[in-house]
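**Student:** Sequence and computational prediction follow.
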Amino acid sequence: MFGGNDAGLTAAIAYAQQHGGGTIAVASQSGAASSLITSGANVVAIGGFSGRESKVSTAWLADAIASGKIRYVLTTGGDSMPNDDRTGADTVLAAVKDIGKEVSSVDGLYDMQGLAGALRSQ
């Protein structure tokens, strides 16, 4: 119901594990829940339950990346619901798409390692 992308997240988790690990940020807690429960993967939802509740800033994400708390951001899933004008993580996800290094083998996955400064200046 809330735009979860289990196949995309499963592929992102596998990619991260094969490339040195690191926490994957996703927009929606509901989209991440099943993967967290079944795999125990390092996944964090930055936009709240549906991806629309918590409005996060690029500065906050830049700090989390600089400190090593987050390495990857999965930008797929968490689409808006009808008649819902909350922005949630949309601004941050757009900045990630502009700045991040897209992983060619996983749709919507960006490696943000070393890009905190560029993200902060967005």
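**Tutor:** Nice, thanks for sending it over. Residues are numbered from 1 along each chain as shown.

**Student:** which parts of the helix ranked longest in the chain are buried?
**Tutor:** Ordering each helix of the chain by length in residues (DSSP state H) puts helix 6-18 first. For helix 6-18, burial by neighbour count (16 or more other CB atoms under 10 Å) applies to 8-13, 15-16. Placement of C-beta: from N, CA and C, glycine included.

**Student:** Next, count neighbours for Ser67.
**Tutor:** Neighbour count of Ser67, defined by other CB atoms under 10 Å: 9.

**Student:** phi, psi of Gly114?
**Tutor:** Main-chain torsions, Gly114, degrees, to the nearest 10: phi 80, psi 10.

**Student:** Next up, the contacts around Gly21.
**Tutor:** Residues in contact with Gly21 (CB atoms under 8 Å, 6 or more residues apart in numbering) are 42, 71.

**Student:** so which strand or helix has it?
**Tutor:** Counting by DSSP states H and E, no helix or strand carries Gly21.

**Student:** thought Leu93 was touching Leu74?
**Tutor:** No - using CB atoms under 8 Å, Leu93 and Leu74 do not qualify as a contacting pair, with a distance of 9.1 Å.

**Student:** Looking at those two now, which is surrounded by more residues?
**Tutor:** Taking other CB under 10 Å, Leu93 and Leu74 do not tie; Leu74 has more neighbours (30 against 27).

**Student:** mind checking how far that one is from Ser121?
**Tutor:** Using CB to CB, to the nearest Å, we find Leu74 at a distance of 23 Å from Ser121.
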